[in-house]
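Asker: Provided below are the primary sequence and the corresponding predicted coordinates.
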Amino acid sequence: MRKNAYIRLLSPCKNLSSLLKVHARIIIAGLGQDASTTTHLINSYSSLQRCDLARSVLDSVPTPTVVSWNSMIRAYSRSNRHQEALKMYRSMVDRGLEPDRYTFTFVLKGCASALDLQEGALIRREVCRRGLETDVFICTALIDMYCKAGDLESAREIFDKMPVRDIVAWNSMIAGLSHSSDPLEALSLFKKMQLTGAVPQSISLLNLFPAVSRLAAIDLCRRMHAYGIRMDFGLEVSNALIDTYAKCGDVESAHLVFDLIHTRDDVSWSTMMAGYAHNGCFSEVLDLYDKMKEIDLQMNKVSIISALLAAGDIRDLEKGKQIHHFAKKQAVDMDVLVATPIMTMYAKCGELEKAEKLLRGSQEGI
DNA sequence: GTAGGGTTAG
């Protein structure tokens, strides 16, 4: 068998035992230290969340290439093992290997999820030293990192200096502004983006919705809705529309979107329930809860939280107990996000002792 | 042989 044939065997491996078997065949075929084959192996172990095995592959190669190092850094970043990703980056540099633009995007992604701006600034210096500060992928990674860490000014500075911006760069900057204290600027940048001729994607809309919600810009929400229909955007946009209409106070439109979805997922249901709760329509929340139980749908935490909120608000202790029981059955009752509305529900229904008991129980668990 | 941006609650 030729090398490519082994590599082709790797992609269908969806579980560890099949991957280990292919790995064994690769070793027997004498490809255990081949550069491209080992990179593929690292990526395969990484997609099964097995950084440890990916790492042992890298360690078994005497002189791994930059591509292999990059894949290992990405593997750690993907698994939220930021410190390990940074360590890999450093030891790669220590060994005299030259990081490339891929290396930087992977390391910066790690800095973004760890909100580590100090390390991010050091990496940024290395990027500049190598003349990579205009690379569109690296710039986007930096913008994303600064936005997630709340430093909008630095993000904007990088964005404004970019000689060429693609749709992902625009989306990242708009996403940051949309969650910032200046949602109007997100709207303004979105318009600017359209003026450049860029065609908004579904993700562009998803990034803008939080700003629309906070400004309660119902007309804009309707225009985005129309655009979404024209572009035939999928379920995520419909779910976000339910949320945005509800947050703009238009529950009827939210419900219309919900009704027209062909195949609703758990997020559609929980968003609709949260939207009703947000607008004080508590009996509608509980109707949806009952409906979900009736047709035996998979219910997520957000649905349970909204149902608890509704039961508490209308002082329906029996219903509240029923939901609490269900939360226990789903093993989410000790989750802080769920435990708090459980206590609130009991307190609102006059069961202060029960609420206090639960509070003590949850404190003992800390 | 490896790239970046995403929906519900709080």
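Answerer: That came in fine, so what should we check first? What you see is a predicted model; the values in this text were computed from it and never measured.

Asker: those strands in the stretch 251-366 of chain A, which residues are they?
Answerer: Assigned by DSSP state E, counting those that start in this stretch, the stretch 251-366 of chain A shows no strands.

Asker: Kindly report the residues of it close to DNA strand B.
Answerer: Selection of the stretch 251-366 of chain A residues close to DNA strand B by Cβ under 7 Å from any atom of the strand yields A:266-267, A:270-271, A:274, A:278, A:300-302, A:305-306, A:309, A:337, A:340-341. C-beta here means a position set from N, CA and C on the backbone, and glycine is covered the same way.

Asker: and for stretch A:56-65, what are the contacting residues?
Answerer: Stretch A:56-65 has contacts (Cβ atoms under 8 Å, 6 or more residues apart in numbering) with A:His23, A:Gly32, A:Gln33, A:Ala35, A:Thr38, A:Thr39, A:Leu41, A:Ile42, A:Tyr45, A:Ser68, A:Trp69, A:Met72.

Asker: ok, and of these, which contact DNA strand B?
Answerer: Filtering the contacts of stretch A:56-65 for proximity to DNA strand B by Cβ under 7 Å from any atom of the strand leaves A:Ala35, A:Thr38, A:Thr39, A:Ser68.

Asker: And the last one, what's its pLDDT?
Answerer: As summarised for this prediction, A:Ser68 has a pLDDT of 98.

Asker: How about the second one?
Answerer: pLDDT, A:Thr38: 97.

Asker: That one reaches A:Met72, doesn't it?
Answerer: No - with contact defined as Cβ atoms under 8 Å, A:Thr38 does not reach A:Met72; the gap is 10.0 Å.

Asker: Give me the more crowded residue out of the two.
Answerer: Counted by other Cβ atoms under 10 Å, A:Thr38 and A:Met72 do not tie: A:Met72 has more neighbours, with 28 against 23.

Asker: Of the ones next to DNA strand B among the contacts of stretch A:56-65, which belong to strands?
Answerer: The strands, defined by DSSP state E, take in nothing from these.

Asker: export the residues you listed to JSON lines and tack on distance to A:Asp135?
Answerer: Output for these, formatted as JSON lines (distance: Cβ to Cβ, whole Å):
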{"residue": "A:Ala35", "distance to A:Asp135": "24"}
{"residue": "A:Thr38", "distance to A:Asp135": "26"}
{"residue": "A:Thr39", "distance to A:Asp135": "21"}
{"residue": "A:Ser68", "distance to A:Asp135": "21"}
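
Asker: just for chain A, where's the confidence low?
Answerer: For chain A, the stretches flagged by pLDDT under 70 are A:364-366.

Asker: Stretch A:4-15 near DNA strand B at all?
Answerer: No - Stretch A:4-15 stays clear of DNA strand B (Cβ under 7 Å from any atom of the strand), getting no nearer than 7.6 Å.

Asker: Mind listing what's buried along that stretch?
Answerer: A:Tyr6, A:Ile7, A:Leu9, A:Leu10, A:Cys13 (16 or more other Cβ atoms under 10 Å).

Asker: Tell me if stretch A:106-120 is near DNA strand B.
Answerer: Yes - Stretch A:106-120 is in contact with DNA strand B by Cβ under 7 Å from any atom of the strand, via A:Lys109, A:Ala112.

Asker: what does that stretch contact?
Answerer: By Cβ under 8 Å, 6+ apart, the surrounding residues in contact with stretch A:106-120 are A:70, A:73-74, A:76-77, A:80, A:82-83, A:85-86, A:89, A:99, A:123, A:138, A:141-142, A:144-146, A:148-149, A:151.

Asker: Please report the distance of the closest residue to A:Val267 other than its chain neighbours from DNA strand B.
Answerer: Leaving aside its sequence neighbours, A:Val267 sits nearest to A:Asn239 (Cβ to Cβ, 6 or more residues apart in numbering; 5.0 Å). Applying Cβ to the nearest atom of the strand, to the nearest Å, the value for A:Asn239 to DNA strand B is 3 Å.

Asker: name the helices or strands packed onto the helix or strand containing A:Asn239?
Answerer: According to DSSP states H and E, A:Asn239 maps onto helix A:235-247. Where contact means 3 or more Cβ pairs under 8 Å, 6 or more residues apart in numbering; DSSP states H and E, helix A:235-247 is packed against helix A:202-215, helix A:218-230, helix A:251-260, helix A:266-278.

Asker: quick one, which of the ones you listed is packed in tightest?
Answerer: Ranked by mean neighbour count under mean count of other Cβ atoms under 10 Å, the helices and strands packed on helix A:235-247 are led by helix A:266-278, which reaches a mean of 23.

Asker: can you state the direction angle for that helix and helix A:251-260?
Answerer: Interaxial angle, helix A:266-278 versus helix A:251-260 (axes from the mean of the first three to the mean of the last three Cα atoms, to 10 degrees): 160 degrees.

Asker: How about residues contacting helix A:266-278?
Answerer: Contact with helix A:266-278 is made by A:235, A:238-239, A:242-243, A:245-247, A:251, A:254-255, A:258, A:261, A:282, A:284-285, A:288-289, A:292, A:297-300, A:302-303, A:305-307, A:309-310, as judged by Cβ under 8 Å, 6+ apart.
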